[in-house]
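Asks: I need the structure of the sequence given here:
(one chain, ligands or ions: 1)
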Amino acid sequence: MPANSVIIGGGIAGLSAAWELHRAGRPFLLLEAAAQCGGAIASRPRDGFLPEAGPESFLAAKPAAAELCRELGLGDDLIPPLPNPAGAQVWLAGRYVPLPAGWRLLHPSQLPPLLDSPLFTPATRTAFADHWNDNTTPPADTESVADYLRRRWGREAGQEIADHVVGPLLAGVYGGDIEQLSAAAAAPHSATRGGGEPVREPNAPMFLTLRTGMSSLVEALLRQLPAAAIRTGQPVTAVEAFDGGYCVRLGSGESLTAAAVILAAPAFRAAEILPPLDPALAAELAAIPYASSLNLNCAFRTAPAVPAGHGFLAVGAAPLLACTFAHQKFAGRAPAGAALLRLFYSDATCAWPDARILAQARRDLAACCGITMAPDWCELQRCPRALPQYTLGHARRQAAIALALTRHPGLHLAGNAYHGVGLPDCIASGRAAARAPR
Ligand SMILES: Cc1cc2nc3c(=O)[nH]c(=O)nc-3n(C[C@H](O)[C@H](O)[C@H](O)COP(=O)(O)OP(=O)(O)OC[C@H]3O[C@@H](n4cnc5c(N)ncnc54)[C@H](O)[C@@H]3O)c2cc1C
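Replies: A predicted model of the protein is given here:
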């Protein structure tokens, strides 16, 4: 058995695993089902605009993404967001309301901004003051985000906090239902004030992106990895035990042997690949649900009057979840004098015909931004089953998966289904899988 690794999936997790193996001088072959690598990452430069159809930036406090960019020579291309005089904003009942300063995913970190925030009714503001110092037990894996908030702040206040802030914030990460998401798994650092959250230097940007778009990261990886070790258009159909290692079967009918396998495809695909090796592990993977999402980039060659700031989270404006004013958020997203707005829609809209989505977007742009002129062009991106849901029992499921993996030395899982959906977590998971002993 040759001491090689096969990586299944060429999204950022699989590519990061490849990078780690390449740097260690270890042989590998990466098999990607699609015609190109990158997975969810998709910058779509057009006409001087730089729309992103997938991730637009990453959390700077988790160092894995910026570190990878620097290793690839992209350090000078890392850029922070443009100044945001308006701060983070929520669109609520027909007006923009600032998100209270210091809000983390589940938890506010400062009391004073809450006490006069128009996001909340007087009763909820009182609940913040009354319960601020309560020593609430952190949520268990079996407590949903919404249940945790109702327990933490009281029934009505917790519900309002869920509806007005935490639901919209988590919709931006998971696109999911906060009655189903596990509070402990979906926001592991956020449920207790400050507990374990990655530390950010004062004045350090919260997010970073790449000057020429997030696909530059994928392009840099592909430039620097050996081309012969990356094969696209190669869906893997099965992994079986073979001679102390693994046999990897491809849709083409070909099969390959490997000492180690890094499975960096979505969990529901891994669940289809693994039954010949371990049906129980495959069943745990199949139990990780996924949500879909849709986003629409709208380009205006002559910028209409756009409200100040980087965009907004939408409350009570379903199916609209959020809108980014991309040209005001990062440099180089639109030509001078132009505007690029990106609208995010809920799961259900994936099934809508294009014309219905475009009509909805025109109504939302008018209602929320006062923009009545038609965009010069739009880029519509449906993202079916793109966002894994860390639902109730996610930690138990992860423990069962970890235990099952001990039965298969050299088999590793990587990607957004396990320990974080953001780019830094996916990169870290790919690199950790590559470093793990065979
Ligand atoms: C619209 C959107 C916006 C986002 N915005 C942000 C953001 O701003 N910041 C952030 O940090 N994160 C963001 N995320 C999350 C982040 O982009 C993803 O979690 C991350 O890119 C997932 O990487 P991955 O490698 O785990 O999976 P994927 O990107 O899904 O890659 C998996 C790969 O496996 C391949 N594959 C599947 N089946 C097989 C098979 N049988 N054989 C071989 N290959 C297979 C797929 O084709 C795919 O290329 C966003 C996600 C989406 C969808």
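Asks: show me the domain layout of this protein.
Replies: Following automatic domain parsing, the chain resolves into domains at 5-41+213-289+390-435, 109-186, 290-388.
Asks: how about these in a markdown table, adding mean pLDDT and mean neighbour count?
Replies: C-beta coordinates here come from the backbone N, C-alpha and C atoms, glycine included. Listed next are these as a markdown table, based on pLDDT from 0 to 100; neighbours: other CB atoms under 10 Å:
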| stretch | mean pLDDT | mean neighbour count |
| --- | --- | --- |
| domain 5-41+213-289+390-435 | 98 | 20 |
| domain 109-186 | 95 | 18 |
| domain 290-388 | 97 | 19 |
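Asks: please see if stretch 218-227 touches the ligand.
Replies: No - for stretch 218-227, no contact with the ligand is found by CB under 6 Å from any ligand atom; the gap never falls below 9.7 Å.
Asks: give me every residue that touches the closest residue to the ligand within the stretch 101-250 of the chain.
Replies: In the stretch 101-250 of the chain, no residue comes nearer to the ligand than V236, which is 3.9 Å away by CB to the nearest ligand atom. Applying CB atoms under 8 Å, 6 or more residues apart in numbering, we find V236 in contact with I8, L31, A33, V248, R249, L250, G251, A265, I273.
Asks: what of P51?
Replies: So P51 contacts S43, R44, P45, N297, A299, A326, R333, L340, R342, E379 (CB under 8 Å, 6+ apart).
Asks: let's go with 7 Å and repeat that
Replies: R44, N297, L340, R342, E379 (CB atoms under 7 Å, 6 or more residues apart in numbering).
Asks: which single one of the residues you listed is nearest to W91?
Replies: Of all these, the one with the least separation from W91 (CB to CB) is R342, at 14.6 Å.
Asks: tell me the phi and psi of the residue of the stretch 101-250 of the chain closest to the ligand?
Replies: phi -90, psi 140 (degrees, to the nearest 10).
Asks: with V306 instead?
Replies: Torsion angles, degrees, to the nearest 10, at V306: phi -110, psi 140.
Asks: look up how far T257 lies from it.
Replies: Distance of V306 to T257, computed by CB to CB, to the nearest Å: 56 Å.
Asks: also P304?
Replies: 59 Å.
Asks: swap in H131?
Replies: 59 Å.
Asks: elements contacting the lengthiest helix in the chain?
Replies: In the chain, taking DSSP state H as the definition, the longest helix is helix 354-369. Packing partners of helix 354-369 (3 or more CB pairs under 7 Å, 6 or more residues apart in numbering; DSSP states H and E): strand 290-300, strand 339-345, strand 377-388.
Asks: circling back to that earlier point, in helices, which of the contacts of V236 appear?
Replies: Those of those lying in helices (DSSP H): I273.
Asks: now narrow the contacts of V236 to whatever sits close to the ligand.
Replies: I8, L31, A33, A265, I273.
Asks: of the helices and strands packed on helix 354-369, which is nearest the ligand?
Replies: Nearest to the ligand, of the helices and strands packed on helix 354-369 and by CB to the nearest ligand atom, is strand 377-388 at 3.7 Å.
Asks: partner strands of the closest one, with direction?
Replies: Strand 377-388 sits in its sheet next to strand 290-300 (antiparallel), going by DSSP bridges.
Asks: after the partner strand comes which helix or strand?
Replies: strand 311-315 (DSSP states H and E).
Asks: tell me what that following strand is packed against?
Replies: In terms of contacts (3+ CB pairs under 7 Å, 6+ apart), strand 311-315 is packed against strand 89-92, helix 167-173, strand 320-325.
Asks: for stretch 77-95, buried residues please.
Replies: D77, L78, I79, P81, A86, A88, Q89, V90, W91, L92 (16 or more other CB atoms under 10 Å).
Asks: what about it, average pLDDT?
Replies: Stretch 77-95 carries an average pLDDT of 95.
Asks: hmm, F207 and L59 touching each other?
Replies: Yes - contact criterion CB atoms under 7 Å: L59 and F207 qualify, at 6.3 Å.
Asks: and those two? Which one has more around it.
Replies: L59 (20 against 16; other CB atoms under 10 Å).
Asks: picking that back up, just list whatever residues bridge to the residue of the stretch 101-250 of the chain closest to the ligand.
Replies: Bridge pairing for V236 - DSSP bridges - gives L250.
Asks: Q398: which of the ones next to the ligand among the contacts of V236 is nearest?
Replies: Closest to Q398, out of all of the ones next to the ligand among the contacts of V236 and judged by CB to CB, is A265, at 17.2 Å.
Asks: how close does that closest one sit to A88?
Replies: 34 Å.
Asks: give me every residue that touches the closest residue to I178 other than its chain neighbours.
Replies: Of all residues not flanking I178 in the chain, V145 sits nearest, at 4.1 Å (CB to CB, 6 or more residues apart in numbering). By CB under 7 Å, 6+ apart, the contact set of V145 is L106, V166, L170, I178, L181, A183, A186.
Asks: go through those residues and flag which are in helices.
Replies: L170, A183, A186.
Asks: okay if I get these as CSV plus distance to the ligand?
Replies: Output for the ones in helices among the contacts of V145, formatted as CSV (distance: CB to the nearest ligand atom, whole Å):
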residue, distance to the ligand
L170, 13
A183, 20
A186, 14
